[in-house]
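Student: sequence and predicted structure below; questions after.
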There are 2 protein chains.
Amino acid sequence: MPQTAIMATTGEQPAADAQAGYADASIRRVTAGNGIEYAYHDLGAGEVPLVLLQHFRGNLDNWDPALIDGLAAGRRVVTFDNRGVGGTTGMTPDTFEAMAHDAIAFAEAMGLKKVDLLGFSIGSFVAQEIALIRPDLLRRVVLASSAPQGADGMHGWAPDVIGAVGQPEPNPQGYIDVFFAPTSTSREAGQQVAGRIFGKKANQDAPTTWQTRQAQYDAVCRWGIPNHSLLQRVSAIDLPVFVANGDSDSMILPRYSYLLAGLLPDARLKIYPDSAHGFLFQHHSRFAADIGDFLAAAG
Amino acid sequence: MPQTAIMATTGEQPAADAQAGYADASIRRVTAGNGIEYAYHDLGAGEVPLVLLQHFRGNLDNWDPALIDGLAAGRRVVTFDNRGVGGTTGMTPDTFEAMAHDAIAFAEAMGLKKVDLLGFSIGSFVAQEIALIRPDLLRRVVLASSAPQGADGMHGWAPDVIGAVGQPEPNPQGYIDVFFAPTSTSREAGQQVAGRIFGKKANQDAPTTWQTRQAQYDAVCRWGIPNHSLLQRVSAIDLPVFVANGDSDSMILPRYSYLLAGLLPDARLKIYPDSAHGFLFQHHSRFAADIGDFLAAAG
């Protein structure tokens, strides 16, 4: 269902800001045809922007600035809070299909005709829905820490995982326990990532609410109801896809990335060593370079 | 359907011959309860033998001696011609399920109660059938250059592939074109492998027939009829499985190994670099070591 875009950026310049780093960027706002005012960042420059879709309970500030700055060095990068998340108005919906429609409405409000998409964790589920609903919007897709709908064993996260990241008050230690592997090298990287993410003091985004947590986790559980026939859905995504995972991810096991890469008609796969759910922040330089190679292969 | 084993080895000693290398070993014969006389080799020593299942049109001599000797250095290794293949009597059946029953009959004739299984290419399809029909026979399984039944795109091999290896007279160049990657390093390895395999002069196995070629390729096409629901079959294989593939395999694409590793409940995956269908011969030292690590992890 196409929606009429209503541009209403609060900043003076709708173009991307190639000057400021991600940690220092001011939040911008745009109101879309669905009446939602979206909070977003827009960095770097390039013809086809890379639009990012965030993980469970994450807002604009939960993107590691080191990764975003690395990505924005070579292209335009757009991060945003989807409906009901952080500084964006409205209520968070409880299906990834609804979130996909909300993301498409944001892209339309921004005047984006063709984008590359990077979905991380539940953001990768939204990315799959967008690829199925509105393939013409997309050029290439990166699915980080992902899984296909219906996969056996994905009905909610393991008790220790949801226990660590599902509490009313998010805490950095629970974050590190889930996003980093139980090795000294990964934990050390985790401390640095947490310092960059949780140490932010200026231009802070609004925290995500309990409503967002509950709606997103309802969506996770619904997505994970075992249904072998639904695995076939992603065979319709004929775009080039880069599937990436940490080798020790306990939140979304690497086997689901294998499954995606086997079901998708045009996928490449990389499993990053000594890392878990936050592999893309831990290995931010390598991951940004790998994404650069993948996107540069676009015809 | 259990079958009564009728032991009738022609050699004096039923135990494995730990002395001779694979290239010099004499062919042994055993008659099973199904009335078939199987040709086989039996090398090395160890409690749980590793039984190998051969590729399209291959007989005993198509196992690279360098790989078999590497494997047999640490364990008992058994290779055999299945019904109708090479020096084994009977007609080659045209389903992998029938081939699995024939392989089980061989194991019973040999008095093997528990084995590790390594299936290569169509041998890996037979291995999956054995794991589904007779799981109690198996401890661990290696699936090399494999795919699950029903996977989209597996209905017969690409024209250049079946053109190279499907002719009435097999030829070393067609073999090298399919089994090795189009790089100088892989082709050089291919020449060495072909020299070891096709240079054998003593104790030669009988060549495989056109009946075997047609029956095996009928089985390949039947296995590859697209059927998404059949992908779920391998989720019943709860044994530890090592899935391995060459990164440039045009006969069975690496994506099918991803798919298997995603569908199997307890799989590990390795993609070998700069190699194709014959990755296990090209990287024989590395592959034998990886199999050693995998089998040593058995509880």
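Tutor: Structure received. Numbering: from 1, shown residues only, chains lettered A, B, ... in the order given.
Student: so what's the residue count around A:Pro182?
Tutor: 10 (other C-beta atoms under 10 Å in any protein chain shown). Any C-beta I mention is one placed from the backbone N, CA and C, and that applies to glycine too.
Student: ok, the closest residue to chain B within the stretch 1-150 of chain A to A:Ala158 distance?
Tutor: Evaluated by C-beta to the nearest C-beta, the stretch 1-150 of chain A has A:Pro148 as its residue closest to chain B, separated by 8.7 Å. Going from A:Pro148 to A:Ala158 by C-beta to C-beta, to the nearest Å gives 19 Å.
Student: and if you look at A:Ala202?
Tutor: A:Ala202 is 36 Å from A:Ala158, where distance means C-beta to C-beta.
Student: who has more neighbours, these two?
Tutor: A:Ala158 (13 against 8).
Student: and A:Lys201, what pLDDT?
Tutor: Per-residue pLDDT puts A:Lys201 at 87.
Student: could you list the low-pLDDT ranges of the stretch 1-150 of chain A?
Tutor: Along the stretch 1-150 of chain A, segments meeting pLDDT under 70 span A:1-20.
Student: let's go with 50 and repeat that
Tutor: A:1-15, A:17-18 (pLDDT under 50).
Student: hey, where'd the strands end up in it?
Tutor: A:28-31, A:37-43, A:50-53, A:77-80, A:115-120, A:138-144 (DSSP state E, counting those that start in this stretch).
Student: nearest to B:Gly33 among these would be which one?
Tutor: strand A:138-144 (50.5 Å; C-beta to C-beta).
Student: what's in contact with that closest one?
Tutor: A:48, A:114-121, A:124, A:127-128, A:130-131, A:237, A:239-245, A:257, A:260, A:279-280, A:287, A:291, A:294-295, A:298 (C-beta atoms under 8 Å, 6 or more residues apart in numbering or on different chains).
Student: are any of those residues buried, and if so which?
Tutor: A:48, A:115-121, A:124, A:127-128, A:130-131, A:237, A:239-245, A:257, A:260, A:279-280, A:287, A:291, A:294-295 (16 or more other C-beta atoms under 10 Å in any protein chain shown).
Student: A:Leu230: neighbour count?
Tutor: 14.
Student: is it true that it lies in a helix?
Tutor: Yes. Assessed with DSSP: H, G, I helix; E, B strand; the rest coil, A:Leu230 lies in a helix.
Student: for chain B, see how far away it is.
Tutor: 10 Å (C-beta to the nearest C-beta, to the nearest Å).
Student: what of A:Gln214?
Tutor: Distance, A:Gln214 to chain B, by C-beta to the nearest C-beta: 29 Å.
Student: now do A:Asn203
Tutor: 41 Å.
Student: try A:Pro240
Tutor: Using C-beta to the nearest C-beta, A:Pro240 is found at 13 Å from chain B.
Student: which residues touch that residue?
Tutor: Here A:Pro240 is in contact with A:140-141, A:266-268, A:294, A:297-298 (criterion: C-beta under 8 Å, 6+ apart).
Student: ok, and the most crowded of those residues?
Tutor: Busiest of these [other C-beta under 10 Å] is A:Val141, holding 27 neighbours.
Student: give me every residue in the stretch 151-299 of chain A lying close to chain B.
Tutor: Proximity of the stretch 151-299 of chain A to chain B, by C-beta under 8 Å from any C-beta of the partner chain, involves residues A:151-152, A:228-229, A:231-232, A:235, A:255-263, A:267, A:269.
Student: what number of residues lie near the residue of the stretch 51-200 of chain A found nearest chain B?
Tutor: The stretch 51-200 of chain A approaches chain B most closely through A:Asp152 (6.4 Å), counting by C-beta to the nearest C-beta. Neighbours of A:Asp152 under the rule other C-beta under 10 Å: 17.
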